[in-house]
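**Student:** just need the structure, nothing else, for what follows:
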Amino acid sequence: MVSPYFDFQFRVILIGDSTVGKSSLLQTFNEGKFTQVCDPTVGVDFSSRKIRLSDNKIIKLQLWDTAGQEKFKSITRSYYRNAVGALLVFDITNRESFSHISGWFEDAAMNMKCRSPSFILVGQKADLASAREVSVLEAECLAQRLGDYQYIETSALTGANVEQVFLLLAESVYAKMKAGIYTELGSTGEWDGIKPGYGSSPTSSQPPLRLSSRDYDGPSDQGCC
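**Tutor:** All right, here's what the predicted structure looks like:
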């Protein structure tokens, strides 16, 4: 039986062009499986999953998968307001999707109510590296220009870095929460990017998912442009 307990709920969104693999990324994270044919998201899809942070806090991630088509932007903007974090997703084999990331970021930052949301830039389809149109260095440079964010490449097909990218986003939000960044906003009752959970989570023998330098393809040793 799955425990109903968790310490906090974080609302996060996935944004980026259509067909970059946002829904597949979520499916692999939530279900541990990959489907070759995935219908485009219409408007916004919702799911959730609990994860354990490095200090054993249980976080329920409320996950909002947004449509990438222009015609749905007015709908997706309404979901930015209460988000506390976002994955900016592009396809490493599609340069156009990378060129649109700055626009997606600006749109989200303008509409998110919290003053210091967490972002991670995600290069999807890492299993297709031989068809790469965007270099790791280019993507790292963009992540730094947008706000000194992390860049991670994932593969929904192989599962590479999928768990890690969501954990890193949750750890970033949690660190800011502990620093009191969201206290004033949360006290108004008009924002639910972060919610307290159902009491203290019971002690679990399950080890927390921890990250080391071997667990994900972190920043390269090369200097940025």
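**Student:** switch to C-alpha atoms for all contacts and neighbour counts from now on
**Tutor:** Fine.
**Student:** helix or strand: which one has the spatially most central residue of the chain?
**Tutor:** Nearest to the mean C-alpha position of the chain, by C-alpha atoms, centre = their mean, lies residue 87 at 3.3 Å. Applying DSSP states H and E as the criterion places residue 87 in strand 85-91.
**Student:** could you do residue 121 as well?
**Tutor:** Using DSSP H and E, the element containing residue 121 is strand 118-124.
**Student:** partner strands of that strand, parallel or antiparallel?
**Tutor:** Paired strands of strand 118-124, with direction, are strand 85-91 (parallel), strand 150-153 (parallel) (DSSP bridges).
**Student:** ok, residue 89 to residue 29 distance?
**Tutor:** Distance from residue 89 to residue 29, counting by C-alpha to C-alpha, to the nearest Å: 15 Å.
**Student:** buried set for stretch 143-158?
**Tutor:** 143, 149, 150, 151, 152, 153, 154, 155, 156, 157 (16 or more other C-alpha atoms under 10 Å).
**Student:** which one of those is nearest to residue 18?
**Tutor:** Nearest to residue 18 among the buried residues of stretch 143-158: residue 156, at 15.3 Å, using C-alpha to C-alpha.
**Student:** ok so the closest one is a strand residue?
**Tutor:** No. Residue 156: not assigned to a strand; according to DSSP: H, G, I helix; E, B strand; the rest coil it is coil.
**Student:** returning to that earlier point: beyond the strand holding residue 121, next helix or strand please.
**Tutor:** Next along from strand 118-124, by DSSP H and E: helix 136-147.
**Student:** so what does that next one touch, helix or strand wise?
**Tutor:** strand 118-124, strand 150-153 (3 or more C-alpha pairs under 8 Å, 6 or more residues apart in numbering; DSSP states H and E).
**Student:** tell me which of these sits nearest to residue 19.
**Tutor:** Here strand 118-124 is closest among the helices and strands packed on helix 136-147 (C-alpha to C-alpha), at 10.3 Å.
**Student:** the closest one vs helix 136-147, what angle?
**Tutor:** 160 degrees (axes from the mean of the first three to the mean of the last three C-alpha atoms, to 10 degrees).
**Student:** quick one: contacts of strand 118-124?
**Tutor:** Contact partners of strand 118-124, identified using C-alpha atoms under 8 Å, 6 or more residues apart in numbering, comprise 20-21, 84-92, 139, 143, 149-156, 165, 169, 172-173.
**Student:** now it: mean pLDDT?
**Tutor:** The pLDDT scores in strand 118-124 average 98.
**Student:** with stretch 88-105 instead?
**Tutor:** 98.
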